[in-house]
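Peer 1: return atomic coordinates for the entry below.
(2 chains)
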Amino acid sequence: MSEKKFYITTTLPYVNAKAHMGHAMEFVRADIIARFKEWLGYSVFFNTGTDEHGLKIYRKALEQGKDPQQYVDEVSKLFKDLTQKLGMKSDLNFVRTTDEKHMRAAQEFWRRCEKNGDIYKKNYKILYCVGCELEKTHSDLVEGRCPEHFDRELEEIEEENYFFRFSKYTQNLLEIYKKNPNFVRPDFRLKEISSFVERELEDFSISRLREKQPWGIPVPGDEDHTMYVWFDALVNYVSVIGWPENMDVFDNWWPVTQYAGKDNLRQQSAMWQAMLLSAGLSPSRQIIINGFVISDGQKMSKSIGNVIDPLVLIEEYGLDALRYYIAREIHPFEDSDMTEDKFKNCYNANLANSLGNTLSRVIKMYSSYEVESRDFPSLQEIQKDREVEENFISALNEFNIQKATDYIWKRIANMERFIQDQQPFKTIKTSPAKAKEDVAYLMQELWVVSQLLQPIMPNSAILIEKALRTGLLDSPLFLRK
RNA sequence: CGCGGAGUUGAGGAGUGGUCCCUCGGGAGGCUCAUAACCUCCAUACGUUGGUUCGAAUCCAACCUCCGCAACCA
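Peer 2: Below you'll find the predicted structure:
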């Protein structure tokens, strides 16, 4: 009954393009935290999936001459494959916003908000560029004009939309932020969102005319409108754990810990929280905001040619190399620059040379010196160690995966220094008992490393464990590239 | 002066008053158990100008530079 529970989700990627490094980063980080909680003895519900409605997807499908359903089936499958290739927990829940169950929940969510008086109809002005034959938003514009058709005036079209009474929740949101200073991590993001909310919220539109945007969930009770994707997609965080029909399951897991990119700060930590309040639900537990992965100081883009495909890296260097890089070499909260060269350097220096080579050295000495095997410490004992607690567990509790991983490599560096200082490879000839004692210590140390690696690089953790148990290493852990 | 963030050695990061720390890269030694791996030592830095202080990367002021956000963009 007092079982510890943890529910974590990523943001659902919008499937109008294939997966990039940013998706891989968010997925792997959420997976590391999910595994870490499990490692601590929690039972974990881990959710991800794909966001599949909306105008952009509708257009994309038509562009490719496909039925929208066929298009989203294909792209969603790519993302689902990605979760496997990234080695995410096999009991991961993968939701699609086109799932029947989700669509029903989204409609019910709408009804609850409506019942609470938070949904109303109002005229909505849209800027339309006749040149592109597209709606334009302010961020699309340059000096108030369409950059593609600069000589043309934009047309203003009015249409009736449903709106959500966001403004009503200003005070509630500010209270949430104030009451829980860790609600959004890192802290400067909480500051950012709370100053945004303080500046007076405007209600936002949550529907589109069905005739213009047929690819979406119908607004309950009004067939002429489609729910705007945001409203639809966010509801997945509650629908996947049984809301609304299975409240026992829901209560068991809620509230959620969310990972999101910095471009999602507002949607996740303000809009979605207001929606939850409106539907009579409690807010999320915590929202972790990632930075972006950039390359050579620029946003990755096809035209610049600096796009890094996570799948290519996995093929070339192996899954755990990518997980390592995401864990240790990408800043936990700020933007990070990434290039393939840098990836290769880090791989050689820290995986081949440091971790892989140390394992080879220790195993070689162990097997040639006839060292007696000893019992390895249990996970519980390792977790109770004060140093582990302070440097590893506390860092992960704060989602600072980088700091936690640094600690593991600090221990590896200590081992390398120890070998050089004690020189068991020399003392084996002069005082073998001492040498064996030293090697036994190194085996224990490596065991601790393997246990700490479990959430971060699960496959390598298993390989190291196996080598330590059998005293044999069939092949190098990470080959130099 | 819209709001917010940031400027630390060649690169990337840590560091909220007391000789600037870590990783990669560079230089010089050493070791041989190991995947031309490993260890030790060395070099180079706190955007600028002032101020507070016995003492500042850290507090204050001004300036310079860069980057997000400015709402429906998923």
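Peer 1: taking the stretch 301-450 of chain A, what residue is nearest to RNA strand B?
Peer 2: residue A:356 (1.9 Å; CB to the nearest atom of the strand). Every residue, glycine included, has its C-beta placed from N, CA and C.
Peer 1: same deal with the stretch 201-350 of chain A?
Peer 2: residue A:204 (2.9 Å).
Peer 1: surely that residue and residue A:272 touch.
Peer 2: No - if you go by CB atoms under 8 Å, residue A:204 and residue A:272 don't touch, sitting 11.6 Å apart.
Peer 1: with neighbour numbers in mind, choose between the two.
Peer 2: When residue A:204 and residue A:272 are compared on other CB atoms under 10 Å, the one with more neighbours turns out to be residue A:272, at 23 against 19.
Peer 1: contacts only, for that one.
Peer 2: A:234, A:237, A:284 (CB atoms under 8 Å, 6 or more residues apart in numbering).
Peer 1: cool, residue A:13 as well?
Peer 2: Per CB under 8 Å, 6+ apart, neighbours of residue A:13: A:19, A:23, A:50-51, A:79.
Peer 1: identify the farthest-apart pair in those.
Peer 2: Every pair in those was compared (CB to CB); the two farthest apart turn out to be A:19 and A:51, at 12.9 Å.
Peer 1: comparing these two, which residue is more hemmed in?
Peer 2: More neighbours surround residue A:51 than the other of residue A:19 and residue A:51, with 25 against 21 (other CB under 10 Å).
Peer 1: the more buried one is in contact with residue A:233, isn't it?
Peer 2: Yes - look at residue A:51 against residue A:233 with CB under 8 Å: they come within range, at 4.2 Å.
Peer 1: what touches both of those two?
Peer 2: A:12, A:14, A:97.
Peer 1: can you flag the buried ones in those?
Peer 2: Burial by neighbour count, judged by 16 or more other CB atoms under 10 Å, picks out A:12, A:14, A:97 from the shared contacts of residue A:51 and residue A:233.
Peer 1: point out where the stretch 51-200 of chain A drops to low pLDDT.
Peer 2: Per-residue confidence for the stretch 51-200 of chain A (pLDDT under 70) gives these ranges: A:128-154.
Peer 1: quick revisit: mind putting the contacts of residue A:272 into JSON lines with distance to residue A:418?
Peer 2: Formatted as JSON lines, those follow (distance: CB to CB, whole Å):
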{"residue": "A:234", "distance to residue A:418": "51"}
{"residue": "A:237", "distance to residue A:418": "47"}
{"residue": "A:284", "distance to residue A:418": "45"}
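Peer 1: can you list which of those residues are found in strands?
Peer 2: Within the contacts of residue A:272, no residue falls in strands by DSSP state E.
Peer 1: return the distance of the strand or helix carrying residue A:60 from the chain's centre.
Peer 2: Residue A:60 belongs to helix A:55-63 when assigned by DSSP states H and E. Mean-position distance between helix A:55-63 and its chain equals 26 Å (CA atoms, centre = their mean, to the nearest Å).
Peer 1: which parts of it are buried?
Peer 2: Quick answer for helix A:55-63 (16+ other CB under 10 Å): A:55, A:57-58, A:60-61.
Peer 1: then stretch A:31-45?
Peer 2: Result for stretch A:31-45 [16+ other CB under 10 Å]: buried residues A:31-40, A:44-45.
Peer 1: ok, now stretch A:451-467?
Peer 2: Within stretch A:451-467, judged by 16+ other CB under 10 Å, the buried ones are A:451-458, A:460-461, A:463-465, A:467.
Peer 1: how about stretch A:371-383, does it reach RNA strand B?
Peer 2: No - judged by CB under 7 Å from any atom of the strand, stretch A:371-383 and RNA strand B are separated, with a smallest distance of 12.4 Å.
Peer 1: state the mean pLDDT of that stretch.
Peer 2: In this model, stretch A:371-383 has an average pLDDT of 92.
Peer 1: what sits up against it?
Peer 2: Under CB under 8 Å, 6+ apart, the answer for stretch A:371-383 is A:39-40, A:365, A:388-389, A:393, A:436, A:439-440, A:443-444, A:447-448, A:451-452, A:468, A:471.
Peer 1: got the contact list for residue A:216?
Peer 2: A:53-54, A:208, A:226-229, A:232.
Peer 1: switch to 10 Å and redo it
Peer 2: A:52-55, A:57-58, A:68, A:97-98, A:103, A:106, A:207-208, A:210, A:225-229, A:231-232 (CB atoms under 10 Å, 6 or more residues apart in numbering).
Peer 1: for the stretch 251-400 of chain A, what are the low-confidence residue spans?
Peer 2: A:296-306.
Peer 1: residues from the stretch 151-300 of chain A in reach of RNA strand B?
Peer 2: A:166, A:188, A:191-192, A:195-196, A:199-205, A:228-230, A:233, A:261-264, A:266-267, A:271.
Peer 1: so of those, which ones are in strands?
Peer 2: Per DSSP E, these map to strands at A:204-205, A:261.
Peer 1: what two of the buried residues of stretch A:451-467 are the furthest from one another?
Peer 2: A:455 and A:467 (19.5 Å).
Peer 1: quick one, which of the residues of the stretch 151-300 of chain A next to RNA strand B are buried?
Peer 2: A:166, A:192, A:201, A:203-205, A:228-230, A:233, A:261, A:264, A:267, A:271.
Peer 1: now for the one helix or strand residue A:77 maps to, which elements pack on it?
Peer 2: In the assignment (DSSP H and E), residue A:77 maps to helix A:68-85. If you count contacts as 3 or more CB pairs under 10 Å, 6 or more residues apart in numbering; DSSP states H and E, helix A:68-85 packs onto helix A:21-39, strand A:43-50, helix A:55-63, strand A:93-96, helix A:310-317.
Peer 1: is the third one anywhere near RNA strand B?
Peer 2: If I follow you right, that is helix A:55-63. Yes - judged by CB under 7 Å from any atom of the strand, helix A:55-63 comes into contact with RNA strand B at A:55-56.
Peer 1: got the CA positions of stretch A:187-200 in CSV?
Peer 2: Output of stretch A:187-200 as CSV, limited to C-alpha atoms (Å, rounded to 0.1, in the frame of the first residue of the first chain):
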residue,chain,number,x,y,z
ASP,A,187,14.4,27.8,-11.6
PHE,A,188,15.0,30.4,-14.2
ARG,A,189,12.3,28.8,-16.3
LEU,A,190,9.9,29.1,-13.4
LYS,A,191,10.8,32.8,-13.2
GLU,A,192,10.2,33.2,-16.9
ILE,A,193,6.8,31.6,-16.8
SER,A,194,5.6,33.3,-13.7
SER,A,195,6.6,36.7,-15.1
PHE,A,196,4.7,35.8,-18.2
VAL,A,197,1.6,34.9,-16.3
GLU,A,198,1.9,38.1,-14.2
ARG,A,199,1.7,40.1,-17.4
GLU,A,200,-2.0,39.3,-17.7
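Peer 1: ok, and what's touching that stretch?
Peer 2: Against stretch A:187-200 from outside (CB under 10 Å, 6+ apart): A:166-167, A:169-174, A:176-178, A:180-184, A:260, A:262, A:265-266, A:268-270, A:273-274, A:287-291, A:333-334.
Peer 1: so which of those sit within helices?
Peer 2: Those of those mapping onto helices are A:170-174, A:176-178, A:265-266, A:273-274, per DSSP state H.
Peer 1: what would the buried residues of stretch A:451-467 look like in JSON lines with pLDDT, distance to RNA strand B and secondary structure?
Peer 2: JSON lines is the format used below for those (pLDDT from 0 to 100; distance: CB to the nearest atom of the strand, whole Å; DSSP: H, G, I helix; E, B strand; the rest coil):
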{"residue": "A:451", "pLDDT": "95", "distance to RNA strand B": "19", "secondary structure": "helix"}
{"residue": "A:452", "pLDDT": "95", "distance to RNA strand B": "17", "secondary structure": "helix"}
{"residue": "A:453", "pLDDT": "95", "distance to RNA strand B": "14", "secondary structure": "helix"}
{"residue": "A:454", "pLDDT": "95", "distance to RNA strand B": "18", "secondary structure": "coil"}
{"residue": "A:455", "pLDDT": "94", "distance to RNA strand B": "20", "secondary structure": "coil"}
{"residue": "A:456", "pLDDT": "94", "distance to RNA strand B": "16", "secondary structure": "coil"}
{"residue": "A:457", "pLDDT": "94", "distance to RNA strand B": "13", "secondary structure": "coil"}
{"residue": "A:458", "pLDDT": "95", "distance to RNA strand B": "17", "secondary structure": "helix"}
{"residue": "A:460", "pLDDT": "95", "distance to RNA strand B": "10", "secondary structure": "helix"}
{"residue": "A:461", "pLDDT": "95", "distance to RNA strand B": "14", "secondary structure": "helix"}
{"residue": "A:463", "pLDDT": "95", "distance to RNA strand B": "10", "secondary structure": "helix"}
{"residue": "A:464", "pLDDT": "96", "distance to RNA strand B": "10", "secondary structure": "helix"}
{"residue": "A:465", "pLDDT": "95", "distance to RNA strand B": "15", "secondary structure": "helix"}
{"residue": "A:467", "pLDDT": "95", "distance to RNA strand B": "10", "secondary structure": "helix"}
